[in-house]
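*Asks:* how would this look folded up:
(2 chains)
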Amino acid sequence: NAGVTQTPKFQVLKTGQSMTLQCAQDMNHNSMYWYRQDPGMGLRLIYYSASEGTTDKGEVPNGYNVSRLNKREFSLRLESAAPSQTSVYFCASSVPGHLQETQYFGPGTRLLVL
Amino acid sequence: DQQVKQNSPSLSVQEGRISILNCDYTNSMFDYFLWYKKYPAEGPTFLISISSIKDKNEDGRFTVFLNKSAKHLSLHIVPSQPGDSAVYFCAATDSWGKLQFGAGTQVVVTP
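*Replies:* Coordinates of the predicted model:
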């Protein structure tokens, strides 16, 4: 039981390049989330998916797109990376439906945009 | 506009003593509060939570206290151990909302 996995662990991009961050969970959770963590800011929600086939914007969605590929996988895409998107990105999942439920986090992807 | 604030970015405590972490919130609609613990190069892990209908929840060495009138919660760790050295995030949510996280407090437990 791997829990929540994220790839890659670390990535360097040039301004304007695109990339997709991958996330998968094997806990049969319905809800999945993408956060970014910046110094002094805590974790901020980018997008979430309450269930397969649905996605919604979080607090800081600009510059990102998401795809809920199936129940297990939730990807985050940066179409044209900017230095302001340098951050650590965490994917999380939670038990069916209710956003108050405990969220389980992946190990994170550290992204540097030059 | 941060609705959950952890005003102490760091805390140093001796092994065996009590660690007290504080968290304040501004949104009176928050009704569920959580603490997460994070080690370097790992994702946050759930530690303990409390519903707004309670004022205390205890789990082993960890106790969370909620003061709704002051919009304040605290996490007590007794006794503190070296493995408790980590960043602790306070989080809050309303009934169908999303988690709002504080900026975190770095705890260092010294021998």
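
*Asks:* With A:Pro8 as the reference, measure out to B:Gly102.
*Replies:* Separation of B:Gly102 from A:Pro8 (CB to CB, to the nearest Å): 28 Å. The C-beta positions use only the backbone N, C-alpha and C, and glycine is treated the same way.

*Asks:* Now the closest residue to chain A within chain B. Its backbone dihedrals?
*Replies:* Using CB to the nearest CB, the closest approach of chain B to chain A is made by B:Gly43 at 3.1 Å. Main-chain dihedrals, B:Gly43, degrees, to the nearest 10: phi -80, psi 160.

*Asks:* Would you check the distance separating stretch A:31-41 from the middle of the chain?
*Replies:* In terms of CA atoms, centre = their mean, to the nearest Å, the centre of stretch A:31-41 is found 8 Å from the chain centre.

*Asks:* cool, stretch A:78-98 as well?
*Replies:* The chain centroid and the centroid of stretch A:78-98 are separated by 3 Å, computed with CA atoms, centre = their mean.

*Asks:* Check which residues of that stretch are buried.
*Replies:* For stretch A:78-98, burial by neighbour count (16 or more other CB atoms under 10 Å in any protein chain shown) applies to A:78, A:81, A:85-94.

*Asks:* which ones are touching B:Lys68?
*Replies:* B:52, B:55 (CB atoms under 8 Å, 6 or more residues apart in numbering or on different chains).

*Asks:* coming back round to it: what subset of the buried residues of stretch A:78-98 is also close to chain B?
*Replies:* Applying CB under 8 Å from any CB of the partner chain to these, one finds that A:90, A:92 fall near chain B.

*Asks:* Kindly reformat the buried residues of stretch A:78-98 as TSV containing pLDDT.
*Replies:* TSV is the format used below for these (pLDDT from 0 to 100):
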residue	pLDDT
A:Leu78	97
A:Ala81	97
A:Gln85	97
A:Thr86	97
A:Ser87	97
A:Val88	97
A:Tyr89	98
A:Phe90	98
A:Cys91	97
A:Ala92	95
A:Ser93	92
A:Ser94	88
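
*Asks:* Between which two of the buried residues of stretch A:78-98 is the distance greatest?
*Replies:* Greatest spatial distance in the buried residues of stretch A:78-98: A:Ala81 and A:Ser94, 28.0 Å, computed using CB to CB.

*Asks:* Going along the chain, name the strands of the chain.
*Replies:* Answering for chain A, as no chain was given. A:4-7, A:10-13, A:19-25, A:31-38, A:42-49, A:56-57, A:65-68, A:74-78, A:87-94, A:103-105, A:109-113 (DSSP state E).

*Asks:* look at chain B instead
*Replies:* B:4-5, B:10-14, B:19-25, B:32-38, B:45-51, B:56-59, B:62-67, B:72-77, B:86-93, B:100-101, B:105-110.

*Asks:* To A:Asn62, which of those lies closest?
*Replies:* Using CB to CB, the strands of chain B put strand B:100-101 closest to A:Asn62, at 18.4 Å.

*Asks:* what lines up beside the closest one in the sheet?
*Replies:* Partners of strand B:100-101 in the sheet, by DSSP bridges, are strand B:86-93 (antiparallel).
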